[in-house]
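>>> just a sequence and a predicted model for now, questions to come.
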2 protein chains.
Amino acid sequence: MEKTLKRMATMQRMQTTGLNLFYKKGYYNTSVDDILKELSLSKGAFYYHFDSKEDFFIQIIEQLVVRKVYSMLIEPIEGHENTLELITNCFEDALETAVHNELDYGFLLNNFINEFNGRNPEIMKHLNEILRIWEVTLVSAIQRGKFNGHIDRHVDAEGVAVYLMSSFIGIRTLMVETAPSARKYRFMSQLRQYFKSIEAKSENQPNNTSY
Amino acid sequence: MEKTLKRMATMQRMQTTGLNLFYKKGYYNTSVDDILKELSLSKGAFYYHFDSKEDFFIQIIEQLVVRKVYSMLIEPIEGHENTLELITNCFEDALETAVHNELDYGFLLNNFINEFNGRNPEIMKHLNEILRIWEVTLVSAIQRGKFNGHIDRHVDAEGVAVYLMSSFIGIRTLMVETAPSARKYRFMSQLRQYFKSIEAKSENQPNNTSY
DNA sequence: CACGCTACCAACCATTTGGTCTGTTTTTTA
DNA sequence: TAAAAAACAGACCAAATGGTTGGTAGCGTG
């Protein structure tokens, strides 16, 4: 049964360095030969494992990009503690990782979305799906927060989610070339300011009583 | 003296359709021939007027992109009225334009920045300069607001500016493929919510008395 | 009207691109 | 251990790319 073991190993190697190069130089600006050169592999190997460059990239999205986004932005906010604190810490961690990343080219998802927008519907389908999951996760986190009494009952969960996604996408772009650490700090301060404005008013205590 | 009139006319034609195509398909994914075909011009014409594709694009930035950003995001917030209202209206208008644009590929600046980030320092210099001007304009607008008593004295002008830029860049990406109108509406609602949290407390009336 | 200069044409070039194809090595299976 | 299948090598191809070059309409000026 494990005859596919070597196959999977080389496929993963290809996908890993493929993603790195696509992230660094962009999809259209990275040739298949570029990836192969870095791996000391031949064209034959590549087209033995993948149908085309596009097929290759879609598999990268499904295998690697999805997981990165999950571990970075989805799972950290799925807990049942104070929602706003979870999101704050999640963003803080994600941005801190970016600061310490020597070679940062911005938010993976944002870069690819911008590259394929209106150009490759097939790939956009996959990228939009990831965005959708992120949005759903945020919305339900906010709603949990409202239910738990941490967030004001009147806030629009969808609105907050869109606003959070927007600001995150944007700050990742702004952090690439100019003062990433300072910008991260300023961003987080304002995020906390914003969160204060949607918190449940202090007189309404969290209704932990309902448990 | 006006013997250069025809020259400038064709150069502008080239730049206009060039920008449209670069915006639509991306810089690296648009060939010089693509632009020439749309104009029914030849290679000779192009390289008679411009040194290279890169030189061509830099001139486009200086001639067209800068002006678009100015009229869209800079000038509308340079007035002396209530700053937060100015910014709100400015964003509202900019996003509304995007909603009604049949073929919207996102925020021009964001698309190009993502494409050239860490790849073409020469072009990034120009794009970062535009961002810098936008930031400076926002910061001084916030400071005017603090001075005029519309904005709380304790807010960090730099922080607000970065936060505003982030969210704007991000929402433009999110508005491209999915429910632009709804997302714009939600975004604007949350922006107003955020602005309320940095407004001067109502007990401190705007110090129009100082005039 | 001839001269010269601007603005443009179009064939051409070297290189790179995604992809194919034939063959060789390596591994599994009988 | 031999045959069969899997994994890979690398030469090859057509199309596309940014850029070059020699030539030529058209037009203002002497």
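Done, it's in.

>>> and the residue most central in space within chain A, what helix or strand is that in?
Centroid-nearest residue in chain A: A:V69, 3.7 Å away (criterion: Cα atoms, centre = their mean). Assigned by DSSP states H and E, A:V69 belongs to helix A:66-69.

>>> buried residues in that helix?
A:66, A:69 (16 or more other Cβ atoms under 10 Å in any protein chain shown). All C-beta spots, glycine's among them, are computed from the backbone N, C-alpha and C.

>>> ok so, going back, which residues does the residue nearest to the centre of chain A contact?
Going by Cβ atoms under 8 Å, 6 or more residues apart in numbering or on different chains, A:V69 touches A:108-109, A:130, A:133-134.

>>> okay, A:S210: pLDDT?
For A:S210, the pLDDT comes out at 38.

>>> A helix includes A:E75, no?
Yes: assessed by DSSP: H, G, I helix; E, B strand; the rest coil, A:E75 belongs to a helix.

>>> adding pLDDT, write the contacts of A:V69 out as a markdown table.
As requested, those are exported to a markdown table (pLDDT from 0 to 100):
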| residue | pLDDT |
| --- | --- |
| A:L108 | 95 |
| A:L109 | 96 |
| A:I130 | 97 |
| A:I133 | 97 |
| A:W134 | 98 |
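
>>> buried subset of those?
A:108-109, A:130, A:134.

>>> could I get those as JSON lines with secondary structure?
Shown next, in JSON lines, are these (three-state DSSP):
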{"residue": "A:L108", "secondary structure": "helix"}
{"residue": "A:L109", "secondary structure": "helix"}
{"residue": "A:I130", "secondary structure": "helix"}
{"residue": "A:W134", "secondary structure": "helix"}
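
>>> with distance to B:E85 as extra columns, can I get the residues you listed in CSV?
CSV is the format used below for the buried ones among the contacts of A:V69 (distance: Cβ to Cβ, whole Å):
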residue, distance to B:E85
A:L108, 36
A:L109, 33
A:I130, 36
A:W134, 32
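
>>> so which of the residues you listed is the closest to B:T17?
For the buried ones among the contacts of A:V69, the minimum distance to B:T17 (Cβ to Cβ) is 30.4 Å, reached by A:L109.

>>> residues contacting that closest one?
A:65, A:69, A:127, A:130-131, A:169 are the contacts of A:L109 under Cβ under 8 Å, 6+ apart.

>>> of these, closest to B:A9?
A:I169 (39.3 Å).

>>> what's the strand or helix carrying that closest one packed up against?
Element membership of A:I169, judged by DSSP H and E, is helix A:157-174. Judged by 3 or more Cβ pairs under 8 Å, 6 or more residues apart in numbering or on different chains; DSSP states H and E, helix A:157-174 is in contact with helix A:83-100, helix A:108-116, helix A:121-148, helix A:180-198, helix B:108-116, helix B:157-174, helix B:180-198.

>>> most packed of the ones you listed?
helix B:157-174 (a mean of 25; mean count of other Cβ atoms under 10 Å in any protein chain shown).

>>> got the angle for that helix vs helix A:157-174?
Orientation check (axes from the mean of the first three to the mean of the last three Cα atoms, to 10 degrees): helix B:157-174 against helix A:157-174 gives 110 degrees.

>>> now the residue in chain A that DNA strand C sits nearest to: how far from B:Y27?
Of all residues in chain A, A:S31 sits closest to DNA strand C, at 3.0 Å by Cβ to the nearest atom of the strand. Distance of A:S31 to B:Y27, given as Cβ to Cβ, to the nearest Å: 17 Å.

>>> which residues of chain A score low on pLDDT?
A:1-3, A:202-211 (pLDDT under 70).

>>> spell out which residues make up each domain of it.
According to automatic domain parsing, chain A comprises the domains A:1-50, A:52-201.

>>> quick one: the last one near DNA strand C?
Yes: with Cβ under 7 Å from any atom of the strand as the criterion, DNA strand C is reached by domain A:52-201 at A:52-54.

>>> contact partners for A:R132?
A:R132 neighbours (Cβ under 8 Å, 6+ apart): B:T178.
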